[in-house]
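> fold the following.
(chains A and B)
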Amino acid sequence: AAGVIQSPRHLIKEKRETATLKCYPIPRHDTVYWYQQGPGQDPQFLISFYEKMQSDKGSIPDRFSAQQFSDYHSELNMSSLELGDSALYFCASRERGGGNEQFFGPGTRLTVL
Amino acid sequence: DAKTTQPPSMDCAEGRAANLPCNHSTISGNEYVYWYRQIHSQGPQYIIHGLKNNETNEMASLIITEDRKSSTLILPHATLRDTAVYYCIAGMSGAGSYQLTFGKGTKLSVIP
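This is a model prediction of the structure:
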(Lines give C-alpha, C1' and ligand atoms only; values in the text may rest on other atoms or scores of the structure.)
Protein backbone atom coordinates (compact mmCIF):
# COMPACT_ATOMS: atom_id res chain seq x y z
CA ALA A 1 0.00 0.00 0.00
CA ALA A 2 1.14 3.52 -0.76
CA GLY A 3 2.54 5.47 2.17
CA VAL A 4 3.43 9.06 2.90
CA ILE A 5 6.67 10.02 1.19
CA GLN A 6 9.03 12.58 2.64
CA SER A 7 12.15 13.99 1.09
CA PRO A 8 14.91 14.33 1.79
CA ARG A 9 15.30 11.75 4.54
CA HIS A 10 18.37 13.45 5.95
CA LEU A 11 19.50 17.04 5.64
CA ILE A 12 22.49 18.84 7.07
CA LYS A 13 22.55 22.63 7.05
CA GLU A 14 24.59 25.41 8.57
CA LYS A 15 23.18 28.07 10.88
CA ARG A 16 21.31 30.84 9.06
CA GLU A 17 20.81 28.70 5.96
CA THR A 18 17.42 27.73 4.52
CA ALA A 19 15.85 24.31 4.07
CA THR A 20 12.85 22.94 2.23
CA LEU A 21 11.20 19.71 3.28
CA LYS A 22 8.73 17.96 1.00
CA CYS A 23 5.79 15.71 1.76
CA TYR A 24 3.75 13.61 -0.66
CA PRO A 25 0.54 12.36 0.99
CA ILE A 26 -1.17 9.06 0.35
CA PRO A 27 -3.40 9.24 -2.78
CA ARG A 28 -6.91 10.53 -1.98
CA HIS A 29 -5.68 12.13 1.23
CA ASP A 30 -6.49 15.82 1.26
CA THR A 31 -5.21 16.88 4.67
CA VAL A 32 -1.54 17.24 5.53
CA TYR A 33 0.03 17.83 8.93
CA TRP A 34 3.58 18.74 9.91
CA TYR A 35 5.08 17.75 13.26
CA GLN A 36 8.48 18.46 14.80
CA GLN A 37 10.19 16.07 17.20
CA GLY A 38 13.28 17.34 18.98
CA PRO A 39 15.83 14.97 20.55
CA GLY A 40 14.18 13.10 23.43
CA GLN A 41 10.94 14.99 22.90
CA ASP A 42 7.46 13.99 21.82
CA PRO A 43 6.12 15.11 18.42
CA GLN A 44 4.76 18.67 18.41
CA PHE A 45 2.24 19.93 15.89
CA LEU A 46 3.44 22.71 13.61
CA ILE A 47 0.85 23.36 10.93
CA SER A 48 -1.81 21.66 8.84
CA PHE A 49 -3.53 22.08 5.49
CA TYR A 50 -6.99 20.97 4.45
CA GLU A 51 -7.91 21.10 0.79
CA LYS A 52 -4.87 23.26 0.04
CA MET A 53 -5.76 25.89 2.64
CA GLN A 54 -3.96 26.36 5.94
CA SER A 55 -6.31 25.04 8.58
CA ASP A 56 -4.49 25.04 11.92
CA LYS A 57 -1.30 26.46 13.26
CA GLY A 58 0.65 25.18 16.24
CA SER A 59 4.03 26.10 17.62
CA ILE A 60 5.55 26.97 14.25
CA PRO A 61 8.21 29.71 14.33
CA ASP A 62 7.70 32.76 12.14
CA ARG A 63 10.87 31.71 10.27
CA PHE A 64 8.99 28.70 8.96
CA SER A 65 6.30 28.70 6.30
CA ALA A 66 4.45 25.96 4.51
CA GLN A 67 2.00 25.43 1.72
CA GLN A 68 0.01 22.72 0.06
CA PHE A 69 -0.04 22.52 -3.72
CA SER A 70 -2.73 21.58 -6.24
CA ASP A 71 -1.54 17.95 -6.25
CA TYR A 72 -1.84 17.96 -2.43
CA HIS A 73 1.86 17.65 -1.77
CA SER A 74 3.19 20.03 0.84
CA GLU A 75 6.44 21.83 1.47
CA LEU A 76 7.82 23.18 4.73
CA ASN A 77 10.20 26.08 4.19
CA MET A 78 12.60 26.94 6.99
CA SER A 79 14.77 30.04 6.96
CA SER A 80 17.49 31.46 9.21
CA LEU A 81 18.06 28.01 10.64
CA GLU A 82 19.11 27.77 14.27
CA LEU A 83 20.80 24.96 16.15
CA GLY A 84 17.52 24.32 17.97
CA ASP A 85 15.79 23.49 14.72
CA SER A 86 17.70 20.20 14.61
CA ALA A 87 14.93 17.62 14.85
CA LEU A 88 12.91 15.00 13.09
CA TYR A 89 10.17 16.50 10.96
CA PHE A 90 7.20 14.28 10.26
CA CYS A 91 4.49 14.78 7.74
CA ALA A 92 1.17 12.99 8.14
CA SER A 93 -1.85 12.77 5.90
CA ARG A 94 -5.50 12.01 6.42
CA GLU A 95 -8.04 10.55 4.03
CA ARG A 96 -10.70 12.75 2.52
CA GLY A 97 -13.90 12.26 4.49
CA GLY A 98 -12.21 9.90 6.90
CA GLY A 99 -11.88 9.99 10.66
CA ASN A 100 -8.86 11.50 12.30
CA GLU A 101 -6.55 8.58 11.64
CA GLN A 102 -3.33 10.19 10.50
CA PHE A 103 -0.72 8.27 8.56
CA PHE A 104 2.83 9.40 9.12
CA GLY A 105 5.79 9.45 6.82
CA PRO A 106 9.25 8.24 7.78
CA GLY A 107 10.38 11.74 8.64
CA THR A 108 13.20 14.05 7.63
CA ARG A 109 16.10 14.31 10.05
CA LEU A 110 17.40 17.87 9.95
CA THR A 111 20.75 18.63 11.52
CA VAL A 112 21.82 22.25 11.84
CA LEU A 113 25.53 22.78 12.46
CA ASP B 1 -8.33 18.57 23.54
CA ALA B 2 -8.64 16.65 26.78
CA LYS B 3 -5.42 15.87 28.64
CA THR B 4 -4.43 12.23 28.94
CA THR B 5 -2.26 10.57 31.57
CA GLN B 6 -0.24 7.41 30.99
CA PRO B 7 2.40 5.54 33.02
CA PRO B 8 5.87 6.45 31.74
CA SER B 9 6.99 2.87 31.22
CA MET B 10 5.87 -0.75 31.32
CA ASP B 11 7.42 -4.15 30.72
CA CYS B 12 5.69 -7.13 29.16
CA ALA B 13 6.91 -10.67 28.58
CA GLU B 14 6.99 -11.78 24.96
CA GLY B 15 3.85 -13.71 24.03
CA ARG B 16 1.83 -12.25 26.88
CA ALA B 17 -0.89 -9.64 26.61
CA ALA B 18 0.23 -6.06 27.08
CA ASN B 19 -2.37 -3.86 28.79
CA LEU B 20 -1.63 -0.16 28.51
CA PRO B 21 -3.83 2.15 30.62
CA CYS B 22 -4.79 5.74 29.91
CA ASN B 23 -6.72 8.25 32.00
CA HIS B 24 -8.73 10.96 30.24
CA SER B 25 -11.09 12.19 32.92
CA THR B 26 -11.81 15.52 31.18
CA ILE B 27 -12.69 14.03 27.80
CA SER B 28 -15.68 15.68 26.18
CA GLY B 29 -18.63 13.80 24.76
CA ASN B 30 -17.56 14.16 21.14
CA GLU B 31 -13.87 13.43 21.61
CA TYR B 32 -12.51 10.09 20.53
CA VAL B 33 -9.69 8.14 22.15
CA TYR B 34 -6.86 7.48 19.69
CA TRP B 35 -3.83 5.28 20.17
CA TYR B 36 -0.62 5.67 18.22
CA ARG B 37 2.79 4.15 18.72
CA GLN B 38 6.26 5.21 17.74
CA ILE B 39 8.99 2.67 17.23
CA HIS B 40 12.36 4.30 17.76
CA SER B 41 12.64 7.42 15.55
CA GLN B 42 10.12 6.09 13.01
CA GLY B 43 6.96 7.99 12.17
CA PRO B 44 4.12 7.43 14.63
CA GLN B 45 1.79 4.63 13.62
CA TYR B 46 -1.98 4.69 14.05
CA ILE B 47 -3.27 1.71 16.05
CA ILE B 48 -6.94 2.11 16.90
CA HIS B 49 -9.53 4.59 18.08
CA GLY B 50 -12.96 4.58 19.71
CA LEU B 51 -15.69 6.80 21.09
CA LYS B 52 -17.49 4.74 23.71
CA ASN B 53 -17.77 1.18 22.48
CA ASN B 54 -14.94 -1.30 22.72
CA GLU B 55 -13.08 -1.71 19.46
CA THR B 56 -10.87 -4.42 17.99
CA ASN B 57 -8.76 -4.58 14.87
CA GLU B 58 -5.91 -6.71 13.62
CA MET B 59 -3.42 -4.87 15.80
CA ALA B 60 -5.12 -4.38 19.14
CA SER B 61 -8.25 -4.03 21.24
CA LEU B 62 -9.45 -0.86 22.92
CA ILE B 63 -11.52 -1.04 26.07
CA ILE B 64 -13.20 2.22 27.13
CA THR B 65 -14.87 2.47 30.54
CA GLU B 66 -18.55 3.27 30.62
CA ASP B 67 -17.91 6.75 32.05
CA ARG B 68 -15.24 7.29 29.35
CA LYS B 69 -12.76 8.56 31.88
CA SER B 70 -10.20 5.89 31.13
CA SER B 71 -9.30 3.27 28.57
CA THR B 72 -6.95 0.34 28.06
CA LEU B 73 -5.12 -0.67 24.92
CA ILE B 74 -4.57 -4.40 24.72
CA LEU B 75 -1.93 -6.05 22.55
CA PRO B 76 -3.04 -9.68 22.84
CA HIS B 77 0.29 -11.41 22.15
CA ALA B 78 3.15 -8.97 22.47
CA THR B 79 6.24 -9.52 20.34
CA LEU B 80 9.64 -7.88 20.47
CA ARG B 81 8.57 -5.68 17.54
CA ASP B 82 5.88 -4.15 19.74
CA THR B 83 8.56 -2.40 21.80
CA ALA B 84 7.69 1.27 21.29
CA VAL B 85 6.31 4.41 22.89
CA TYR B 86 2.52 4.23 22.96
CA TYR B 87 0.52 7.45 22.91
CA CYS B 88 -3.09 7.82 24.04
CA ILE B 89 -4.64 10.95 22.53
CA ALA B 90 -8.09 12.44 22.95
CA GLY B 91 -9.25 14.22 19.85
CA MET B 92 -12.00 15.08 17.48
CA SER B 93 -12.98 13.32 14.29
CA GLY B 94 -14.89 14.16 11.15
CA ALA B 95 -14.61 16.98 8.65
CA GLY B 96 -11.86 19.50 9.11
CA SER B 97 -8.32 18.99 10.27
CA TYR B 98 -7.61 18.03 13.85
CA GLN B 99 -4.03 17.97 14.95
CA LEU B 100 -2.77 15.34 17.38
CA THR B 101 -1.51 16.54 20.73
CA PHE B 102 1.10 14.05 21.86
CA GLY B 103 1.72 13.69 25.58
CA LYS B 104 4.53 11.76 27.21
CA GLY B 105 3.25 8.30 26.29
CA THR B 106 4.15 4.90 27.74
CA LYS B 107 7.42 3.29 26.79
CA LEU B 108 6.57 -0.41 26.44
CA SER B 109 9.45 -2.83 26.57
CA VAL B 110 8.70 -6.39 25.49
CA ILE B 111 11.09 -8.75 27.22
CA PRO B 112 12.18 -12.07 25.61
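> how many neighbouring residues does A:Asp62 have?
Using other C-beta atoms under 10 Å in any protein chain shown, A:Asp62 has 7 neighbouring residues. C-beta here means a position set from N, CA and C on the backbone, and glycine is covered the same way.
> A:Arg9 now?
11.
> my read is that it contacts A:Thr108, right?
Yes - between A:Arg9 and A:Thr108 there is a contact under C-beta atoms under 8 Å: 6.1 Å.
> for B:Pro112, what are its contacts?
Contact analysis of B:Pro112 by C-beta atoms under 8 Å, 6 or more residues apart in numbering or on different chains lists B:14, B:80.
> I meant B:Ile47, not that one.
Shown in contact with B:Ile47 (C-beta under 8 Å, 6+ apart): B:35-37, B:57, B:59-60, B:73, B:86.
> please apply the same query to B:Asp82.
Counting by C-beta under 8 Å, 6+ apart, B:Asp82 touches B:12, B:18, B:37, B:75, B:108, B:110.
> without its sequence neighbours, what residue ends up closest to residue 12?
Using chain A. Spatial nearest neighbour of A:Ile12, chain neighbours left out: A:Thr111 (4.8 Å); criterion: C-beta to C-beta, 6 or more residues apart in numbering or on different chains.
> wait, chain B
That would be B:Ala18: by C-beta to C-beta, 6+ apart, it lies 4.1 Å from B:Cys12.
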